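Participant: below: sequence and its predicted model.
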Amino acid sequence: MSARDVVLEARNMTRRFGGLVAVNNVSFDVTEGEIFGLIGPNGAGKTTLFNLMTGLTPPSTGTLTYRGQTVTGLAPHRIAQAGLSRTFQNIRLFRGLSALENVKIAQHTRTHAGIWRGVFGQARAEELQVERRAWELLDLVGLSDRAGESAGNFSYGDQRRLEIARALATEPRVLLLDEPAAGMNTAEKGALTAFIREVRDQFDLTVLVIEHHVPLVMGLCDRVAVLNFGELIAIGDPVSVQRDPKVIEAYLGGE
Ligand SMILES: Nc1ncnc2c1ncn2[C@@H]1O[C@H](COP(=O)(O)OP(=O)(O)OP(=O)(O)O)[C@@H](O)[C@H]1O
């Protein structure tokens, strides 16, 4: 595939909750290697759109195609196995388990070691590989020196980095980050752009990111899509989106 190939095609994605249309007929393409931002006022439908894309919520209508394969209708773990992995706005770590254990558990979506194979040496070799990989990922997110600490003790910023390590453990091709800067301090936010780019480059990923922190979105994303009341009102490079009167109106109208 060339660097500009389309990897994701969202077509007419709609989700209704009773009378509320949380995501309304949204279509867009994401190209290989792109960092694609999704912004919009509170309640605009951003997380619902991520949920539709990752199988947590079925769409009322519409489809998502990943490299030509329709993934809508698949269970979340199947979509993860297909190559789409995500983090959550509300962090979902095993708070009582260590950072290392959190990453090891995440890898089991990919490995095949089941309890019945525990008696075979093969499973042991796989387990060692899982352990080695978990250390590598913790090292990448800067947490290897705290591998044995409970995830629940970590700051928000560190928990978000651990969540990214967990998401990477499933060997995704597309990484969806739901508000990665939330709860981070100014220094952590400052470092996040370089970190996400580094992860994208190192793992050869396509990245979708929901983010409220506008300077981060502007400095990080190749393209930005704007949702307002469930509708896609603008899409393009960060500067033109920021200048778009419909976008300015959506944000000012929400103040
Ligand atoms: N399971 C659900 N049942 C009913 N309504 C829902 C459900 N999930 C989301 N909604 C509604 O859908 C709309 C879109 O919510 P969503 O969380 O996707 O917005 P968002 O853009 O991610 O908001 P925020 O920036 O505040 O996280 C909101 O009005 C929300 O209340």
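Facilitator: That came in fine, so what should we check first? The shown structure was predicted, so the numbers you read here are calculated from the model rather than taken from an experiment.
Participant: residue 242 and residue 219 touch, don't they?
Facilitator: No. Here residue 242 does not reach residue 219: they are 11.8 Å apart, not a contact under Cβ atoms under 8 Å. C-betas here are computed from N, CA, C, even on glycine.
Participant: mind checking pLDDT for residue 68?
Facilitator: On pLDDT, residue 68 comes in at 93.
Participant: next: residue 227.
Facilitator: At residue 227, pLDDT is 96.
Participant: and if you look at residue 208?
Facilitator: At residue 208, pLDDT is 98.
Participant: burial of it, as a residue count?
Facilitator: For residue 208, the neighbour count with other Cβ atoms under 10 Å is 24.
Participant: cool, residue 100 as well?
Facilitator: So residue 100, with other Cβ under 10 Å, has 21 neighbours.
Participant: low-confidence regions, the chain specifically.
Facilitator: Residue ranges of the chain with pLDDT under 70: 1-4, 109-122, 254-255.
Participant: ok, back up a step: who's more crowded, residue 242 and residue 219?
Facilitator: More crowded of residue 242 and residue 219, by other Cβ under 10 Å: residue 242, with 18 against 14.
Participant: how about the residues of the chain that lie near the ligand?
Facilitator: With Cβ under 6 Å from any ligand atom as the criterion, the chain meets the ligand at residues 17, 20, 22, 40, 42-48, 89.
Participant: farthest pair within those residues?
Facilitator: Put simply, by Cβ to Cβ the two of the residues of the chain next to the ligand set farthest apart are 20 and 89, 18.8 Å from each other.
Participant: still on that earlier bit, the residues of the chain next to the ligand in helices, which ones?
Facilitator: 46-48 (DSSP state H).
Participant: contacts for stretch 94-109, please.
Facilitator: 77, 80-81, 93, 130-131, 133-135, 137-138, 143, 146-152, 154, 162, 165-167, 169-170 (Cβ atoms under 8 Å, 6 or more residues apart in numbering).
Participant: show me what residue 225 bridges to in the sheet.
Facilitator: According to DSSP bridges, the residues that bridge with residue 225 are residue 38, residue 235.
Participant: for residue 176, same thing?
Facilitator: Note on residue 176: beta-bridge partners by DSSP bridges are residue 86, residue 208.
Participant: that one: what's it in contact with?
Facilitator: Applying Cβ under 8 Å, 6+ apart to residue 176 gives the contacts 50, 53-54, 84-87, 207-209.
Participant: for residue 36, same thing?
Facilitator: Neighbours of residue 36 in contact, by Cβ under 8 Å, 6+ apart: 30, 206-209, 221-225.
Participant: cool, and residue 175?
Facilitator: So residue 175 contacts 85-86, 164, 167-168, 199-200, 203, 205-208 (Cβ under 8 Å, 6+ apart).
Participant: derive a ChimeraX selection command for the buried subset of those residues.
Facilitator: Buried subset of those, written as a ChimeraX selection, criterion 16 or more other Cβ atoms under 10 Å:
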select :85,86,164,167,168,199,200,205,206,207,208
